[in-house]
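**Student:** structure for this input, please:
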Amino acid sequence: MKGRIEIGSKLRGESLVRRGLMRETAKIQQIRIMPDLNVIKIGGHGVIDYGKKVIYPLIEEIGELSLDHKILVATGGGARTRHILDVGIDLGMPTGVLAELAGKISEQNAIMISLLFSKYNGVRIHTDDLLNLPSLISLGMLPVVQGTPPYGLYEHPPRLGSIPPHRTDTGAFLMAEVVGAKNCILGKNVDGLYTEDPLANPDAEFIADITADELMEMDLEDMVLEGMAVELLRDAVHVKEIKVVNVHVPGNLTRLINGERVGTIIRA
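**Tutor:** Prediction:
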C-alpha cells in the first residue's frame, strides 16, 4: 500500500495545531442552541448555605421568572466543598481527585434545589444532559444542574496550589457558552465585584463595569468569582458578559433579567 489513505476533508493532512488553520476555522459561525436562555448560578457558600431564609424567597423569584423566561439553574458547593478540600489537601490528594470529591457537593445541592422547585416543574439534570435543554424547557420544566464542570480526574493543574481551578462559576459559564445562552448570571451574597472582600473591608471599592483584561491586570488578592471564569470569558464565542448580582436582595434577579443594571458586569 502506497502512502496513507485519507478521507476527503478540508482538514486532511492537518496537524490541528497550525495557527493559520485556527484563524481559518475562527471565521466559521457557530450555532447558538439556546440564545434566549438565562443561566443562573446559585452560589453554595454565598447563598445555599444560608438556608431557607435566603433560599425560599429566591426559589419563588426564580420560579416565577421561569414562567416567562427560559432558565437553567446551576448550583455551587459551599461549606461542605471547603471541608472536603481541606481534608483532601491535608492528605495530599492530587488536584484531579480534589475535583472529583468537590463535584459531589454541588451535585447534592442540585438535588435539593430541584426538589424545592417542584411546584415550578423543577427537574434535576446531569452535566451531559445539556443538549436536552430545548426539549425540557419547551415542556415547561425548570432544569437544575450541578455547577462543577465534569473534568473530574482530568482537571487541569492550577498555576498555584492544588485547589481545582475549574469550579462552579466556571462550570456555569461553560454551560452558558456551549448552548449560546443570553445571560450568564452568578448569584452571590454581595452586591457585585469589589477591589477587596466587602464583608471584611466595608471600605472596599465597588466595580460596576469592567473588562476581563482589566480585571486580570488588577491581579486582585481575592475576587467574588473564580479567576478561571474571567480568563475563559476573553476567548468566548457567544457569552460576552458575566453578571454578578446579590440574590439576597429580593427582586434583584428579576430586575437584571428584565434589562435593568444591577450588580457588576464583566465584559469580554
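
**Student:** quick one: contacts for residue 244?
**Tutor:** 185, 186, 188, 192, 193, 224, 225, 263, 264, 265, 266 (CB atoms under 8 Å, 6 or more residues apart in numbering). Using the backbone N, CA and C atoms, a C-beta is placed for each residue, glycine as well.

**Student:** ok, now with 7 Å
**Tutor:** Taking CB atoms under 7 Å, 6 or more residues apart in numbering, we find residue 244 in contact with 186, 188, 192, 193, 224, 225, 263, 264.

**Student:** number of nearby residues for the residue lying closest to the second one once chain neighbours are set aside?
**Tutor:** Read that as residue 188. Computed as CB to CB, 6 or more residues apart in numbering, the closest residue to residue 188 that is not its neighbour in sequence is residue 46, at 4.6 Å. Residues near residue 46, counting by other CB atoms under 10 Å, number 21.

**Student:** surely residue 46 touches residue 189?
**Tutor:** Yes: if you go by CB atoms under 7 Å, residue 46 and residue 189 touch, sitting 3.7 Å apart.

**Student:** give me the distance between the two termini of stretch 156-173.
**Tutor:** 17 Å (CA to CA, to the nearest Å).

**Student:** kindly report the same for stretch 260-268.
**Tutor:** End-to-end distance of stretch 260-268 (CA to CA): 19 Å.

**Student:** could you check how far residue 7 is from residue 159?
**Tutor:** From residue 7 over to residue 159 the distance is 39 Å, taken as CB to CB, to the nearest Å.

**Student:** residue 254 now?
**Tutor:** Taken as CB to CB, the span from residue 254 to residue 159 is 38 Å.

**Student:** now residue 51
**Tutor:** 35 Å.

**Student:** residue 220: neighbour count?
**Tutor:** The burial count for residue 220: 16, using other CB under 10 Å.

**Student:** try the one 10 residues further on
**Tutor:** Taking other CB under 10 Å as the neighbour definition, residue 230 ends up with a count of 23.

**Student:** shouldn't it be in contact with residue 215?
**Tutor:** Yes: counting by CB under 7 Å, residue 230 does reach residue 215; the two are 5.5 Å apart.

**Student:** need the residues touching each of these two.
**Tutor:** Contact criterion CB under 7 Å, 6+ apart; residues shared by residue 230 and residue 215: residue 266.

**Student:** picking that back up, farthest-separated two in the contacts of residue 244?
**Tutor:** 225 and 263 (11.2 Å; CB to CB).

**Student:** could you identify the helix or strand that succeeds the host helix or strand of residue 85?
**Tutor:** Using DSSP states H and E, residue 85 sits within helix 79-90. For helix 79-90, the following helix or strand on the C-terminal side (DSSP H and E) is helix 95-116.

**Student:** contacts for that next one next, please.
**Tutor:** 42, 44, 48, 55, 59, 73, 75-78, 80-81, 84-85, 88, 122-124, 144-148, 151-155, 157-158, 162-164, 168.

**Student:** same question, stretch 207-226
**Tutor:** 167, 169-170, 186, 188, 190, 192-197, 230-231, 233-234, 242, 244, 264-268.

**Student:** what does stretch 258-268 give?
**Tutor:** 191-193, 207-212, 215, 230, 233-234, 236, 240-246, 252, 255-256.

**Student:** straight-line length of that stretch, end to end?
**Tutor:** Start-to-end span of stretch 258-268 (CA to CA) is 21 Å.

**Student:** and it, what's its mean pLDDT?
**Tutor:** Computed over stretch 258-268, the mean pLDDT rounds to 96.

**Student:** check stretch 39-57 too.
**Tutor:** On average, the pLDDT along stretch 39-57 is 96.

**Student:** distance between that stretch and the chain's centre?
**Tutor:** 15 Å (CA atoms, centre = their mean, to the nearest Å).

**Student:** end-to-end on that stretch?
**Tutor:** Using CA to CA, the distance between the terminal residues of stretch 39-57 is 18 Å.

**Student:** check what pLDDT residue 13 gets.
**Tutor:** 72.

**Student:** for the stretch 51-200 of the chain, which segments are assigned as helices?
**Tutor:** In the stretch 51-200 of the chain, helices defined by DSSP state H, counting those that start in this stretch lie at 52-65, 79-90, 95-116, 133-138, 168-178, listed in chain order.
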